[in-house]
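In: Quick one, fold the following:
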Amino acid sequence: MMESEVSGTVAATLGHQSDVGRVRRHNEDSYALREDLGLWVVADGMGGAAAGDKASSIVVDVVARSVEHGSALEDAMAEANRSILESVEAGEGKRGMGSTVVAARISGSDYSVVWVGDARAYLWGEGLQRLSHDHSRVQELVDAGLITEQEARSHPHRSVITRVLGGPDGTAAAPDQVTGSLRPGECILLCSDGLTSEVDDHDIARVLSRELADGKSPQAAGQRAVDRLVAMALDHGGNDNVTVVLIGAPVGGAA
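Out: Predicted coordinates:
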């Protein structure tokens, strides 16, 4: 569990962007950049206009507020789940609305990544490593060896999520977590599935490798990488909202 103290944080936001895409009329993604807390959050709402965006905004607001008050990320997500359900009961949003979420907390060089659903986290360093594991029906099929990762990308059940904050009754909201340490020059990428449904891991790695090669200006390079990834998602169809956040440990930071 991460400590509430965030002094000594070496990570910084290198780039961020959210786009409505080419098909949807409303952006139901929300994200938060709280460097003061060592916290970054991406949430992807569901439930339609005026519901999905409501759910995702509740998630990023409540997670940030809970962490600010000293909660661990897992507890902050439980609070966000309750807040969505309470909002529905109060007549706000729409019954059944929910949100996937992925969040990173970094203190010193130590990171914790917590997620619910199919919003993803990747580690970029010596190649691209997926940190999160989708809570989805197609991921279960991949894990069982019934379909390949490539087949999962076009499977008819690719949009079926098995865990979500909120949702019909709020009971399938258990988060998963991974921890580790960032080395100088490494990055964590958080994204909604609007990126990964259109751009595969190989192309994500290719963009990061090319754009982050120049270490002289990490923020400029990071923003170029994020912009290019979002542009690729749009070029490949842009069938969903797409949000990408890139967090880096600057070269020369704490080991």
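In: Determine the three-state secondary structure at Ala103.
Out: At Ala103 the chain is in strand, as set by DSSP: H, G, I helix; E, B strand; the rest coil.
In: Check Ile147 too.
Out: Here Ile147 is recorded as coil under three-state DSSP.
In: Please, where are all the helices along the stretch 51-200 of the chain?
Out: For the stretch 51-200 of the chain, the helices defined by DSSP state H, counting those that start in this stretch occupy 52-68, 73-89, 137-143, 149-152, 193-196.
In: Minimum distance to Ser30: which of the ones you listed has it?
Out: Checking those against Ser30 by Cβ to Cβ gives helix 52-68 as the closest, at 3.9 Å. C-beta: built from backbone N, CA, C; applies to glycine.
In: How about residues contacting the closest one?
Out: Residues from elsewhere that reach helix 52-68 (Cβ atoms under 8 Å, 6 or more residues apart in numbering): 4, 26-32, 34, 37, 39, 41, 43-47, 73, 75-77, 79-80, 83-84, 87, 92-94, 97-99, 101, 103, 105, 165-166.
In: From those residues, keep the buried residues only.
Out: Buried members of the contacts of helix 52-68, counted by 16 or more other Cβ atoms under 10 Å: 27-32, 34, 37, 39, 41, 43-47, 73, 75-77, 79-80, 83-84, 87, 93-94, 97-99, 101, 103, 105, 165-166.
In: just to revisit the earlier point, need the helices of the stretch 51-200 of the chain in CSV with mean pLDDT and distance to Leu212, can you?
Out: Formatted as CSV, those follow (pLDDT from 0 to 100; distance: least, Cβ to Cβ, whole Å):
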stretch, mean pLDDT, distance to Leu212
helix 52-68, 97, 26
helix 73-89, 96, 26
helix 137-143, 87, 28
helix 149-152, 80, 24
helix 193-196, 96, 17
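In: what packs against the helix or strand of the chain at the bottom of the mean pLDDT ranking?
Out: Least confident helix or strand, the chain: helix 149-152 with a mean of 80, by mean pLDDT, DSSP states H and E. With contacts defined as 3 or more Cβ pairs under 8 Å, 6 or more residues apart in numbering; DSSP states H and E, the packing partners of helix 149-152 are helix 137-143.
In: which parts of the helix it packs on are buried?
Out: Result for helix 137-143 [16+ other Cβ under 10 Å]: buried residues Arg137, Val138, Gln139, Leu141, Val142.
In: For the residue lying closest to Leu212 once chain neighbours are set aside, which residues are in contact?
Out: In this structure, Leu212 finds its nearest non-sequential neighbour in Ala221, 5.2 Å apart by Cβ to Cβ, 6 or more residues apart in numbering. Contacts here follow Cβ under 8 Å, 6+ apart; on that basis Ala221 touches Leu14, Glu211, Leu212, Ala213, Asp214, Gly215.
In: next one: phi and psi at the first one?
Out: With angles defined as degrees, to the nearest 10, Leu14 sits at phi -100, psi -20.
In: between the helices of the stretch 51-200 of the chain, which gets nearest to Leu182?
Out: Ranking the helices of the stretch 51-200 of the chain by proximity to Leu182 (Cβ to Cβ) places helix 73-89 first, at 16.1 Å.
In: Tell me what angle that closest one forms with helix 52-68.
Out: Interaxial angle of helix 73-89 relative to helix 52-68 (axes from the mean of the first three to the mean of the last three Cα atoms, to 10 degrees): 140 degrees.
In: what's helix 73-89 packed up against?
Out: helix 52-68, strand 98-107, strand 110-116, strand 165-166.
In: same thing but 10 Å
Out: With contacts taken as 3 or more Cβ pairs under 10 Å, 6 or more residues apart in numbering; DSSP states H and E, helix 73-89 sits against strand 39-46, helix 52-68, strand 98-107, strand 110-116, strand 165-166, strand 176-181.
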